[in-house]
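I'll drop the sequence and a predicted model, then ask my questions.
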Amino acid sequence: MSKLVPDQADGLRRLLAQSSVRLIAIAGMERRQGSTTAAMNLGAALAHMGKDVLLLDEHKASANSVRGAWAVDPLGTLADVATRRLTCEGAAARAECGVNVLPAVPGAQPDHVDPRLFWDGDVVLVDAALDSAGHLSPLARLADDLVVVLQPNPASITATYSGIKRLHYAHALHQLRLLVNGVAEPDAARRLMANLIDTGSRYLAISMHAAGWVRADPHLSDARRLRRTVVEAFPTSPAAVDFRVIGADVAQWPWRPSIRARDAEPAPWRPEALAQQQAHEEREGRVHRSGQY
């Protein structure tokens with residue numbers, strides 16, 4: 001009951017403010033976790049459900065960015081929208097699946113820009129790019145939800161947990177969701193998420209929740225070759241089904257406070273504190289250098 005009341009109060013505040021746009025940041029704690037693919041497919045799944053989706057691309061244009069993968073060329077950027085040079089609809093490019101794409105490379109727009117003020121739709125997704133220190137951009141810190149994408153292997157698990165600790169100390173991060181990518185066995189993904197959720201709660205006091213999992217699927221690479229998402233190109237494939245399940249669940253996620261820190265400036269990352277905590281966790285046997293949980 002105590003958990004429900006704050007969610008209801010937050011929902012009432014949003015209603016009174018006449019803002020119901022949900023801002024979701026999607027990030028991997030290291031490269032090649034599939035966070036960009038997850039952002040694109042989640043956006044396509046939400047658009048298929050009839051949602052008006054804006055996908056903000058924090059990565060520089062390349063073949064692996066959202067713009068490169070979809071072969072779209074927006075007329076402007078989030079900075080153009082923030083300075084009122086263009087409207088959000090006029091600046092964004094619309095992908096074939098119905099998702100609107102807008103570049104938002106960190107540093108190109110003022111740090112305080114909130115895209116919910118400019119987007120008259122349902123959902124804003126951020127394909128988040130961590131900076132050189134492994135921290136979130138000001139835009140990603142504004143999100144209602146942070147979805148961390150990882151893969152079910154020891155290296156990814158270890159890097160993800162270390163990255164979550166880093167974000168916790170840098171931004172006073174207290175909540176996030178986990179999406180496991182490239183899953184062979186859903187039961188193993190459930191156990192992985194349960195162990196990470198328990199570890200984060202015990203040692204960081206972070207509230208982690210399962211966003212879901214996406215099965216390993218050769219149709220993902222086929223869709224990428226076609227410059228489309230698996231959701232639109234192969235809607236009955238395992239990965240497409242999983243992304244649609246996650247998209248349907250988004251509407252059920254409770255409204256929570258922004259993931260950004262209480263203070264405007266991020267707290268410093270204290271390496272000595274992280275080292276002490278790592279040693280404590282290893283003594284407890286919860287987190288091992290091998291990445292096995």
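Nice, thanks for sending it over.

going forward, measure contacts between C-alpha atoms and count neighbours the same way
Noted.

hey, where'd the helices end up in the stretch 101-250 of the chain?
Using DSSP state H, counting those that start in this stretch, the helices of the stretch 101-250 of the chain run over 138-141, 154-171, 186-204, 219-225, 230-233, 238-250.

ok, and what's touching the fifth one?
Contacts of helix 230-233 from elsewhere in the structure, counted by CA atoms under 8 Å, 6 or more residues apart in numbering, are 41, 44-45, 97, 219-220, 222-224, 237, 239-241, 243-244.

PyMOL command for the buried members of those?
This is how PyMOL selects the buried members of those, with burial counted by 16 or more other CA atoms under 10 Å:
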select buried, resi 41+44+45+97+219+220+223+224+237+239+240+241+243+244
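
which of the contacts of helix 230-233 lies closest to Pro115?
Nearest to Pro115 among those is Ala44, at 19.3 Å by CA to CA.

show me what contacts that closest one?
For Ala44, the contact set (CA under 8 Å, 6+ apart) comprises 97-99, 229, 231-232.

now the helices of the stretch 101-250 of the chain as CSV including distance to Asp52 and mean pLDDT?
Shown next, in CSV, are the helices of the stretch 101-250 of the chain (distance: least, CA to CA, whole Å; pLDDT from 0 to 100):
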stretch, distance to Asp52, mean pLDDT
helix 138-141, 19, 96
helix 154-171, 29, 96
helix 186-204, 30, 95
helix 219-225, 22, 95
helix 230-233, 16, 96
helix 238-250, 13, 97
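
adding distance to Thr36 as columns, could you present those in JSON lines?
Below are the helices of the stretch 101-250 of the chain laid out as JSON lines (distance: least, CA to CA, whole Å):
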{"stretch": "helix 138-141", "distance to Thr36": "14"}
{"stretch": "helix 154-171", "distance to Thr36": "16"}
{"stretch": "helix 186-204", "distance to Thr36": "20"}
{"stretch": "helix 219-225", "distance to Thr36": "11"}
{"stretch": "helix 230-233", "distance to Thr36": "13"}
{"stretch": "helix 238-250", "distance to Thr36": "13"}
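
how about the ones you listed, which one is nearest Val66?
helix 219-225 (10.8 Å).

from the chain's centroid, how far away is that closest one?
From the chain centre to the centre of helix 219-225 is a distance of 21 Å (CA atoms, centre = their mean, to the nearest Å).

and the contacts of it?
For helix 219-225, contacts defined as CA under 8 Å, 6+ apart pick out 69, 229-230, 233-234, 237, 239.

please redo it, this time with the cut-off set to 7 Å
Applying CA atoms under 7 Å, 6 or more residues apart in numbering, the set of residues contacting helix 219-225 from outside is 69, 229-230, 233.

show me where pLDDT drops low in the stretch 1-150 of the chain?
1-19 (pLDDT under 70).

now the strands for it?
Secondary structure of the stretch 1-150 of the chain by DSSP state E, counting those that start in this stretch: the strands cover 22-28, 53-57, 93-94, 100-103, 123-127, 145-150.

so what secondary structure elements neighbour the third one?
Packing partners of strand 93-94 (3 or more CA pairs under 7 Å, 6 or more residues apart in numbering; DSSP states H and E): strand 100-103.

the strand it packs on pairs with which strands?
In the sheet, strand 100-103 lines up against strand 53-57 (parallel), strand 93-94 (antiparallel) (DSSP bridges).

just the CA trace of the longest one, in PDB.
What follows is strand 53-57, C-alpha atoms only, in PDB (Å, rounded to 0.1, in the frame of the first residue of the first chain):
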ATOM      1  CA  VAL A  53       6.800   7.700 -30.300                       C
ATOM      2  CA  LEU A  54       9.800  10.100 -30.500                       C
ATOM      3  CA  LEU A  55      13.200   8.400 -30.400                       C
ATOM      4  CA  LEU A  56      16.100  10.700 -29.400                       C
ATOM      5  CA  ASP A  57      19.400   9.500 -30.700                       C
END
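
just how off-centre is that strand within its chain?
12 Å.

now do stretch 192-203
Worked out by CA atoms, centre = their mean, stretch 192-203 lies 18 Å from the chain centre.
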